[in-house]
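>>> Sequence and computational prediction follow.
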Amino acid sequence: MVRVVAILGDYYHPSGRAKESLERALVSSITKEVIQIDYCSHDQIKEKLSLQPDAVILFKENRLNPIEVQEEKWMSEDLAAEITKYVSNGGGFLAWHSGLASFPPESTFTKMLRGHFLYHPEKHQLVHYRSTTENPILAQPISFEVLDEHYFVHCEEDNTNIFLSSESIDGKQAAGWFHTFGEGKVCCLTPCHNRDGLLKQEFVKLLGSCVNWIVSK
């Protein structure tokens, strides 16, 4: 059995719809083994890592109270070091949508991801997502459109592998990238925000493929 720890949900991203999307993704994906998900809060991550799960999925931004003047953040550099050590020793990690947001660019955690969220236009637009080249994550090319927050990111394109691009009237961006990190694997995925996008069949299959890749040995 494959064991996955998932940290889902923040102020702008309800955990319920992310959970529904993830569970549909695992049902729709083809795996050699059963995947068991252990949901936890951000303050339980270190404890969960000590149990050596096969992978971690993060759909949660770093800010705990983004509408307050004095923002509180949960990712300490000590925890970032624990996460990167876990991945370097063979763990899998998926940073999904808000899991790329508001973490310091100089953080050990962000350096492991080799990319981070910069901004998205205030108005949601129709975003076209398409796979870029042959890659070990997607068995077949993928292309779909969804009304979405179009994430603009900093991505170390020369130090990772782009497998998904995004395009809207606001521009073009990398939307998915992957690389190895020590003995482990890292995958970053920028869609989706709204429930319609999260439950769109094409996205559900895409998410399942990403999970399959981070847990595969």
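Alright, I've got the coordinates. Residues are numbered from 1 along each chain as shown.
>>> Could you use CA atoms for every contact and neighbour count after this?
OK.
>>> dump the residue contacts of Ser168.
Ser168 makes contacts with 125-128, 150, as judged by Cα atoms under 8 Å, 6 or more residues apart in numbering.
>>> List the beta-bridge partners for it.
Bridge pairing for Ser168 (DSSP bridges) gives the partners Gly171.
>>> From Gly115, how far out is it?
To Gly115, Ser168 is 20 Å away according to Cα to Cα, to the nearest Å.
>>> Which residue is most remote from the mean position of the chain?
Note on the chain: the largest C-alpha distance from the chain mean falls to Val69, namely 27.1 Å (Cα atoms, centre = their mean).
>>> Lowest-confidence member of the contacts of Ser168, which is it?
Lowest pLDDT within the contacts of Ser168 is found at Gln125 (94).
>>> doesn't Leu147 make contact with that one?
Yes: counting by Cα atoms under 8 Å, Leu147 is a contact partner of Gln125 at 5.3 Å.
>>> Centroid-nearest residue for this structure?
Trp96 (1.8 Å).
>>> Output the below-cut-off pLDDT ranges for the protein.
Where the chain drops to pLDDT under 70, the residues are 29-33.
>>> All the strands of it, in order from the start?
Using DSSP state E, the strands of the chain run over 2-8, 35-39, 55-59, 92-96, 115-119, 125-131, 143-148, 152-155, 161-168, 171-181, 184-189.
>>> Name the residues of the longest one that are buried.
Translated: strand 171-181. 172-181 (16 or more other Cα atoms under 10 Å).
>>> Kindly indicate which of these lies nearest Pro136.
Pro136 has its nearest neighbour among the buried residues of strand 171-181 in Phe178, at 9.6 Å by Cα to Cα.
>>> quick one: contacts for the closest residue to that closest one other than its chain neighbours?
Sequence neighbours aside, Cys187 is the residue nearest to Phe178 in space, at 4.3 Å (criterion: Cα to Cα, 6 or more residues apart in numbering). Cys187 makes contacts with 93-95, 113, 176-179, 210, 214, as judged by Cα under 8 Å, 6+ apart.
>>> farthest-separated two in those?
Farthest pair in the contacts of Cys187, by Cα to Cα: Leu113 and Cys210, 14.5 Å.
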